[in-house]
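1. Could you look at this predicted model? Sequence included:
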Amino acid sequence: MNNTNAFHLLLKQSREEHGMTQVDVAKSLNIARQTYLDLEYGRTQPRLDTLLTLASLFNKSVAFFAGERPSLDGFETKALFEELQQRYVALSDNMPDTATATPE
């Protein structure tokens, strides 16, 4: 795992995205706050049961915490672009036009 995807950085990012404190996560994991701090500061690596609980708590995969990211290598670029464009158009059609909307 390279430094930009290090477990402890992903852990901190996930905790902050969920608006949790370090104490909140430690309690959810049923571990001491210091043990959690050691994980988040990169001093230790998690046990398997802790990693599984973290994945469940933050709705992430274990692979996410391992730094694995999906690859787009298997996608045909034109087909992917067309799908994204269709999704954008569908979203745009459902958005109210704020430029011409009048207040009630």
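-> Right, received. Where do you want to start? These numbers were taken from a predicted model, which means no experiment stands behind them.
2. I'd like the distance between Gly67 and Arg33.
-> 25 Å (CB to CB, to the nearest Å). Heads up, the C-betas are built off the backbone N, CA and C, glycines and all.
3. got any ranges where this protein has weak pLDDT?
-> In the predicted model, the chain carries pLDDT under 70 at residues 1-5, 69-75, 95-104.
4. Now the residue nearest the centre of it. Nearest residue, chain neighbours left out?
-> Central residue of the chain (CA atoms, centre = their mean): Ser14, 5.7 Å from the mean position. With CB to CB, 6 or more residues apart in numbering as the criterion, Ser14 has its nearest non-adjacent residue at 4.2 Å, and that residue is Phe58.
5. List the contacts of that neighbour.
-> 14-15, 17-18 (CB atoms under 8 Å, 6 or more residues apart in numbering).
6. Turn those into CSV, including secondary structure.
-> Below are these laid out as CSV (DSSP: H, G, I helix; E, B strand; the rest coil):
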residue, secondary structure
Ser14, helix
Arg15, helix
Glu17, helix
His18, coil
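7. Mind putting those residues into CSV with distance to Glu83?
-> As requested, these are exported to CSV (distance: CB to CB, whole Å):
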residue, distance to Glu83
Ser14, 28
Arg15, 33
Glu17, 26
His18, 30
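8. Quick one, which of those are buried?
-> 14-15 (16 or more other CB atoms under 10 Å).
9. Go through the contacts of Phe58 and name the one nearest Val89.
-> Glu17 (29.0 Å; CB to CB).
10. From Asn59, how far out is the closest one?
-> 10 Å.
11. Buried residues in stretch 57-67, which are they?
-> 57-58, 64-65.
12. from those, which two are the most distant?
-> Among those, the pair separated by the greatest distance (CB to CB) is Leu57 and Phe64, at 12.3 Å.
13. Which ones among the buried residues of stretch 57-67 lie within helices?
-> If you go by DSSP state H, the buried residues of stretch 57-67 have 57, 64-65 in helices.
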